[in-house]
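A.B. asks: Pasting the sequence and the predicted model now:
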Amino acid sequence: MNNGETSTSMVKKYRPLAVAAGIGSILGSGIIVGLSATITVWQNGLGLTNSQVGIISGALTFAIAIGSLLAGQITKSFGLVKLFNWLNLIYAIGALICVFSNNYIMLLIGVIITGLASGADLPISLTVVSHDAPDDKTSASLVSSTQIFWQIGVFMSYVCAFIVSKMAGASGARIVFSILAIFALITWAWRTFSTKFRAFHEEGEQRRIDREAASQTTEKVSIKTVFAGANKGRFMAFFFSILIFYVCWNLLANTFGQFQTFTLVQAHASQSFATGAGIVLNFISLLATMAFASVAGGKYRNKFFLVGITVQFLAMLGLAMSSHSLWPIVITIGCYNIGNNIAGEAMYKVWTQEAFPVEVRASVQGFINGFSRVCCGLFALITPALVVPSAIRNTMFGFAAIVFISFVAGLTMMRLEKKHGINNF
């Protein structure tokens, strides 16, 4: 059996673990899009004011950010596998509080609990996958595949919200959150009681202990030893390259996620056309993510990245130079969605898992996730002023510059990986 066949069989063997982690990504995107798509339903059903709607939406953003930032610390306190198993139960409790809420405070509490659990689960789940995977190539393939589930969560939330949009009061929103709670409970039970996963965790821990023994390391790996130790220059270069890339990528992804429909409507699309186009464009994003996942552990990964980042840059220039005609804008946004998912979050996840020791991955990725979400939350305060027709041209040129910065950071990361022998691409 050659190496390619061996790698394929390992990916197949560990695929259920990636699926269990990926459902956490469905829940993560589901709560964001689910709340966004149903917030007006909650407002009408519970009689919320506009300021209360704003507070609930902002509370979710910052709860996810705080959960991400705390992921490393709570992992030290409670253990990686234990949190991987139980965080989805906490998510389900928060979602159920939302389901049964009959006032603003109860809904706010439910959203905050769900957001904290969701924010912490993503970096912890990815760390478990990379911890349990038998080799780096298998890890890269499995970790990148979890991004597919994020896109599935977005798609499912839009479809569910559309289906229940005609229901009276807050009933439609309660159904959406009930579906999220059911998914969370199923995931909790699967992760917690699966004997196969338990074996994966034990084998992964044994490999970590063996590697530690082989390297004859007596000092315990921690954030301090990584960023202030003998190899601090290497890890700081990794950290800032990934941080800059992900913040720049996320600023654009978050902006288009929130204001894509607004942009299409400004180009004289009907609301139904804009919503339908959003579903189609999301499906295109899913296909692009699947394409990247298929090469994430192989020699074509960096070539895909370069193509994706170039498409993003050209899409921003296309939006800046296009007229206000609808179809050129739709096509350009479609191209952006392809490039955005070929050279985007899946790449960031793989880099983070490859570049740092398993003991600190949850902390590093949690910090980057949280910091990025805070930046996006602050940027969202001025975004509406940037996407009005009078400013959109200059904004897109500015976005093209942001894509270029992310390209430089990504290229630096690829060269650092090659320099330090992390992969053979």
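C.D. replies: That came through fine.
A.B. asks: pLDDT weak spots in the chain?
C.D. replies: Residues of the chain that meet the criterion pLDDT under 70 lie in 1-7, 165, 215-219, 257-259, 261-262, 265-266, 271-272, 274-275, 323-324, 424-425.
A.B. asks: ok, longest helix in it?
C.D. replies: helix 3-46 (DSSP state H).
A.B. asks: Check which helices and strands that one is in contact with.
C.D. replies: Under the contact criterion of 3 or more C-beta pairs under 8 Å, 6 or more residues apart in numbering; DSSP states H and E, helix 3-46 touches helix 50-78, helix 80-99, helix 104-132, helix 136-163, helix 171-193, helix 195-214. Bear in mind the C-beta positions are built from the backbone N, C-alpha and C, glycine included.
A.B. asks: Between the ones you listed, which one is closest to Ser36.
C.D. replies: Across those, the minimum distance to Ser36, taken as C-beta to C-beta, is reached by helix 50-78, at 7.3 Å.
A.B. asks: Tell me the helices and strands packed up against that closest one.
C.D. replies: helix 3-46, helix 104-132, helix 358-379.
A.B. asks: If we use 10 Å, what do you get?
C.D. replies: helix 3-46, helix 80-99, helix 104-132, helix 223-228, helix 358-379 (3 or more C-beta pairs under 10 Å, 6 or more residues apart in numbering; DSSP states H and E).
A.B. asks: Can you name the residues that contact the closest residue to Thr75 other than its chain neighbours?
C.D. replies: Excluding the flanking residues, the one nearest Thr75 by C-beta to C-beta, 6 or more residues apart in numbering is Ala362, at 4.8 Å. By C-beta atoms under 10 Å, 6 or more residues apart in numbering, Ala362 lies in contact with 68, 71-76, 80, 83-84, 120, 122-128, 131, 352, 356.
A.B. asks: Repeat the analysis, applying 8 Å as the threshold.
C.D. replies: Contact analysis of Ala362 by C-beta atoms under 8 Å, 6 or more residues apart in numbering lists 71-72, 75, 80, 123-124, 127.
A.B. asks: now Thr263
C.D. replies: 329, 333, 387, 392.
A.B. asks: what's the spacing between Arg373 and Gln260?
C.D. replies: Counting by C-beta to C-beta, to the nearest Å, the gap between Arg373 and Gln260 amounts to 19 Å.
A.B. asks: These two: who's more crowded?
C.D. replies: Arg373 (23 against 19; other C-beta atoms under 10 Å).
A.B. asks: May I have the residues that are in contact with the more buried one?
C.D. replies: Arg373 touches 61-62, 64-65, 68, 119, 250, counting by C-beta under 8 Å, 6+ apart.
A.B. asks: Looking at the contacts of Thr263, which is nearest Phe283?
C.D. replies: Closest approach between those and Phe283, by C-beta to C-beta: Ile333, at 13.2 Å.
A.B. asks: can you give me the angle the strand or helix carrying the closest one makes with helix 136-163?
C.D. replies: Using DSSP states H and E, Ile333 sits in helix 326-342. Between helix 326-342 and helix 136-163, the angle comes out at 140 degrees (axes from the mean of the first three to the mean of the last three C-alpha atoms, to 10 degrees).
A.B. asks: What lies in contact with stretch 129-140?
C.D. replies: Contacts for stretch 129-140 (C-beta under 8 Å, 6+ apart): 7, 10-11, 14, 17-18, 21, 80, 142-143, 146, 200-201, 203-205, 207-208, 296-298, 301, 350, 353-354, 358, 361, 422-423.
A.B. asks: picking that back up, which of the helices and strands packed on helix 50-78 sits closest to Arg174?
C.D. replies: helix 80-99 (5.0 Å).
A.B. asks: Tell me the helices and strands packed up against that closest one.
C.D. replies: Partner elements for helix 80-99 (3+ C-beta pairs under 8 Å, 6+ apart): helix 3-46, helix 104-132, helix 171-193.
A.B. asks: Need the contacts of Thr263 in CSV (columns: neighbour count and distance to Val33).
C.D. replies: CSV is the format used below for the contacts of Thr263 (neighbours: other C-beta atoms under 10 Å; distance: C-beta to C-beta, whole Å):
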residue, neighbour count, distance to Val33
Ile329, 21, 22
Ile333, 21, 17
Val387, 18, 19
Ile392, 19, 24
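A.B. asks: what about Ile422, neighbour count?
C.D. replies: 16.
A.B. asks: what sits against the nearest residue to it once chain neighbours are set aside?
C.D. replies: Closest residue to Ile422 apart from its sequence neighbours, by C-beta to C-beta, 6+ apart: Glu354 at 5.3 Å. Going by C-beta under 8 Å, 6+ apart, Glu354 touches 136, 139-140, 417, 422-423.
A.B. asks: So Ile422: helix, strand or coil?
C.D. replies: coil (DSSP: H, G, I helix; E, B strand; the rest coil).
A.B. asks: was I right about it contacting Thr352?
C.D. replies: No: in this structure Ile422 lies outside contact range of Thr352 using C-beta atoms under 8 Å: 11.9 Å.
A.B. asks: list the contacts for Ser125?
C.D. replies: Here Ser125 is in contact with 21, 24-25, 84, 146 (C-beta under 8 Å, 6+ apart).
A.B. asks: where's it relative to Ser178, distance?
C.D. replies: 23 Å.
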